[in-house]
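> just a sequence and a predicted model for now, questions to come.
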Amino acid sequence: MRIDFADLRLFLAIVEAGSITGGAAQSHLALASASERLRRIETDAGVALLERHARGVAPTEAGAAFAHHARLLLQQHGVLDDELRGFAEGVRGTLHLYANTAALAGYLPRRLARWLADRPRLDVGLKERTSTEIVALVSAGLAEAGIVSDAVPAPGMQLQPVAQDHLVLLVASGHWLPASAPVRFGDVLDESFVGLESGSALQAHVHEQARTLGRALSPRIRMKSFDGLCEMVAHGIGIAVLPRQAARRYRRRGDVRTVPLADAWARRRLALCYREWHRLSPAMRSLLLHLGAMPGVESQ
């Protein structure tokens, strides 16, 4: 049968009104147009769907079955329409967001939680990568957007800083390094280090800076979290590099303290990274606006 949803609505309107005239009026159709549509429906069905009588019309047994399935189809169509609208409006589906270690550990959780709480049908897939990797993915069109360090080159990208993300050294409270004077990373490479596990974007970044200085960093132990890393530092196992925002939480314990890094690569900001605003999905645009994006403001 070649029947569209308008035909189904018309047939149900006629059944509910008990007359073709009443059904046509409910459907905002001229009587002649409604009658022609009804004739085509019954021709396609190959069976009479309505009984005509002096007081109007009533569904035949076949017509009652047709009306039942018409209601189910229209109901299911409404459900489908709602779901697709949810995807189109960015309140349903799965959003993939790439972020470096610092963003995942300190910046994102609270901000993302508030935004996600208002969208119960939307899921977010967080993926940790180095800032350089994220820029490459976004540039190649393999990722919509990400949160990166603004210290990485990002030609052709939009980089919009949203938070400070300076890196510092975390040392035991009795360590010989001065408490406030910045030190250069190259001056502490002979120290024992504690690192994050392989795959950490931050740890990969720190290793790259050591290689730039012609050194290979070999942490005594690698931990899965900043909590574990801090515990090792507190017991004098080694020193560590981590974001200042994260380090502040552990500094209150009294058995660790922070030392500023003087290197330019350590004085960085977290930035939203994307190519073209109008190409982002509705959900991604909504999230980036929540995080502080300023569409139309040119950046790097």
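Looks like it arrived, so ask away.
> only C-alpha atoms for contact and neighbour calcs from this point on.
Fine.
> now the strands for the stretch 201-300 of the chain?
221-223, 240-243, 256-260, 269-274 (DSSP state E, counting those that start in this stretch).
> the last one pairs with which strands, parallel or anti?
The strands beside strand 269-274 in its sheet (DSSP bridges) come out as strand 145-149 (antiparallel), strand 158-164 (antiparallel).
> likewise the shortest one?
Strand 221-223 has the following sheet partners, assigned by DSSP bridges: strand 194-196 (parallel).
> pass me the low-pLDDT residue ranges in the stretch 201-300 of the chain, would you?
Flagging of the stretch 201-300 of the chain using pLDDT under 70 yields the residue ranges 297-300.
> about what we covered before: now the strands of the stretch 201-300 of the chain as CSV including distance to Pro282?
Output for the strands of the stretch 201-300 of the chain, formatted as CSV (distance: least, CA to CA, whole Å):
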stretch, distance to Pro282
strand 221-223, 37
strand 240-243, 31
strand 256-260, 40
strand 269-274, 14
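> to Gly146, which of those strands lies closest?
For Gly146, the closest of these is strand 269-274, at 5.2 Å, according to CA to CA.
> show me what counts as buried in the closest one.
Buried positions in strand 269-274, judged by neighbour count with 16 or more other CA atoms under 10 Å: 269-274.
> relative to Asp118, which of the strands of the stretch 201-300 of the chain is closest?
That would be strand 269-274 among the strands of the stretch 201-300 of the chain, by CA to CA, at 21.4 Å.
> what secondary structure does the residue nearest the centre of the chain sit in?
For the chain, the residue nearest the mean C-alpha position is Leu95 (3.5 Å; CA atoms, centre = their mean). Secondary structure assignment for Leu95 (DSSP: H, G, I helix; E, B strand; the rest coil): strand.
> so what's it bridging to?
Val124.
> who are the contact partners of it?
Shown in contact with Leu95 (CA atoms under 8 Å, 6 or more residues apart in numbering): 122-125, 283-284.
> just to revisit the earlier point, as a markdown table, the strands paired with strand 269-274 with mean pLDDT, distance to Gln26 and mean neighbour count would be great.
A markdown table is the format used below for the strands paired with strand 269-274 (pLDDT from 0 to 100; distance: least, CA to CA, whole Å; neighbours: other CA atoms under 10 Å):
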| stretch | mean pLDDT | distance to Gln26 | mean neighbour count |
| --- | --- | --- | --- |
| strand 145-149 | 93 | 48 | 29 |
| strand 158-164 | 91 | 52 | 20 |
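> let's have those strands in a markdown table, adding distance to Ala105.
Listed next are the strands paired with strand 269-274 as a markdown table, based on distance: least, CA to CA, whole Å:
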| stretch | distance to Ala105 |
| --- | --- |
| strand 145-149 | 12 |
| strand 158-164 | 13 |
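> for Phe185, which of the ones you listed is the nearest?
So among the strands paired with strand 269-274, strand 145-149 is nearest, using CA to CA, at 18.0 Å.
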